[in-house]
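Novice: Model the following, please.
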Amino acid sequence: MSVKLDEKDLAILALIQEDSQLTAKQIAKKINAPLTTVFAKTKRMKEQGIIRGYHAIVAPKKLGAGTSAFILATVTYRSTIDGTPVSQRTVAEEIAKFAEVQEVHIITGDWDLLVKLRAASVDAVGKFVVDKLRLISGLEKTLTCMVFETVKETTAVALPVKRAARAQLDAQ
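Specialist: Sure thing, here's the model as predicted:
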């Protein structure tokens with residue numbers, strides 16, 4: 001369900017997505033709005049769940065996790081032990097518990113899950129797949145795709161920028 005946002009809301013979101021360390025005073029100046037408006041709008045967007053938090057974007061290579069992989073996985077929908085049903089969601093939740101896993105998506109098509117993983121090396125990715133991932137009950141098979149180079153990676157969501165808000169931001 002989408003929420004109605006006005007031009008000031010969108011301008012605030014665009015600025016916060018670009019730099020979450022901007023102060024309310026800096027945002028107010030950039031969008032030409034009173035400080036109280038920025039505080040009120042930001043608070044409302046937090047309460048509505050539009051702004052879910054503020055996070056640092058770290059450099060994985062500098063932290064020893066410079067190797068990325070995407071893993072496609074299929075789920076067996078019946079236990080091989082006793083034939084009881086296996087939940088795709090439960091398998092996804094189990095995978096999500098691993099620290100190396102950044103994302104887990106339930107998807108359509110020939111595969112059931114898409115997993116984004118960060119590790120120290122190709123060997124570490126292999127060890128994760130063999131020693132951790134494939135031991136999860138209900139996981140049938142996997143396909144690991146190693147990332148050679150990342151051209152774009154962002155947490156930003158494309159906003160429905162209105163003309164006046166875009167012109168105001170472009171003027172900055």
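
Novice: State the distance from Val86 to Thr144.
Specialist: With distances taken as CB to CB, to the nearest Å, Val86 is found 21 Å from Thr144. Placement of C-beta: from N, CA and C, glycine included.

Novice: can I see the domain layout of this structure?
Specialist: 7-56, 60-146 (automatic domain parsing).

Novice: out of the ones you listed, which comes closest to Ala158?
Specialist: Proximity to Ala158 (CB to CB) singles out domain 7-56 among the domains of the chain, at 9.8 Å.

Novice: so how far is that closest one from its chain's centroid?
Specialist: Here the centre of domain 7-56 is set off from its chain's centre by 20 Å, with CA atoms, centre = their mean, to the nearest Å.

Novice: Sticking with Cys145, tell me its helix or strand.
Specialist: Secondary structure assigned from DSSP states H and E places Cys145 in strand 139-146.

Novice: which residues sit against that strand?
Specialist: Strand 139-146 has contacts (CB atoms under 8 Å, 6 or more residues apart in numbering) with 67-76, 91, 95, 111, 122, 125-126, 129, 133-134.

Novice: Show the buried residues in those residues.
Specialist: 67-69, 71-75, 91, 95, 125, 129, 133 (16 or more other CB atoms under 10 Å).
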